[in-house]
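Colleague: show me the folded form of this:
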Amino acid sequence: MTTALNRRRKLTPRQFLHNEGELVGYELVDGYLEKKSMSAHSSFLNGRAYKLITEHVDKHKLGWTFDSECSYTCSREFPTQVRKPDVSFIRFGRFAEEVLPEGYITLVPDLVVEVISPNERYLRLKKKLREFIAAGVPLIWVVDSDSRVIQVHRPNQPMRELQEDEIVSGESILPGFAVTVAEFMPRKPN
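Modeller: As a prediction, this is how the structure comes out:
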């Protein structure tokens, strides 16, 4: 990383975008670079969630699915944040003429999936979830493989925790999506 991108130097979202190639795996939080550390385990879970969602989205022609390097600046309350959800989805009809933007996405995603990483600090994740909820994300899933549960967050509703044998529903956001929590998790050896 160049000296211009010192982690202790405050950046604007524009500066972050300008240096995007050097900032793979980083988010911009309160103007400072924050590393998104991801273990092999977390990477597997991200890939699993992305695959399950993308297969459904593509089959039913619902919209766009993005991986963990897609950047969002969609919060009026937190305009200097550049967030990268582990998986996100935006339904068709929200991008002008269905053309993806260069740079950040300024639309609020319809679905955000966050995977709890072994190295992730709970307070950082909690802050990120608050920002997504404040921005108006209607559905957030938090995948916790240690507990083998998925937390479901919606604005103005209590968090719901789904156990391994329960169904994760896409509700009106991903119509027809319904898989067990276990399908998001690593397979247990026989």
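
Colleague: what helix or strand is the nearest residue to Asp67 once chain neighbours are set aside on?
Modeller: Using CB to CB, 6 or more residues apart in numbering and skipping the chain neighbours, the partner closest in space to Asp67 is Tyr50 (5.6 Å). C-betas here are computed from N, CA, C, even on glycine. According to DSSP states H and E, Tyr50 maps onto helix 40-60.

Colleague: per-residue confidence at the residue nearest to Asp67?
Modeller: Tyr50 is assigned 97 on the pLDDT scale.

Colleague: now do the strands in the protein.
Modeller: 26-29, 32-35, 63-66, 87-91, 111-115, 139-144, 149-153, 160-162, 167-169, 178-180 (DSSP state E).

Colleague: what packs against the fifth one?
Modeller: Counting contacts by 3 or more CB pairs under 8 Å, 6 or more residues apart in numbering; DSSP states H and E, strand 111-115 is packed against helix 40-60, strand 87-91, helix 122-135, strand 139-144.

Colleague: contacts for the second one, please.
Modeller: Meaning strand 87-91. The contact list for strand 87-91, computed with CB atoms under 8 Å, 6 or more residues apart in numbering, reads 46, 49-50, 53, 57, 62-68, 70, 72, 105, 107, 109-113, 173-174.

Colleague: buried only: go through the residues you listed for me.
Modeller: Burial by neighbour count, judged by 16 or more other CB atoms under 10 Å, picks out 46, 49-50, 53, 57, 62-66, 68, 70, 72, 105, 109-113, 173-174 from the contacts of strand 87-91.

Colleague: winner for burial among the helices and strands packed on strand 111-115?
Modeller: Of all these, strand 87-91 carries the top mean neighbour count, a mean of 24, counting by mean count of other CB atoms under 10 Å.

Colleague: ok and it relative to strand 111-115, angle-wise?
Modeller: 170 degrees (axes from the mean of the first three to the mean of the last three CA atoms, to 10 degrees).
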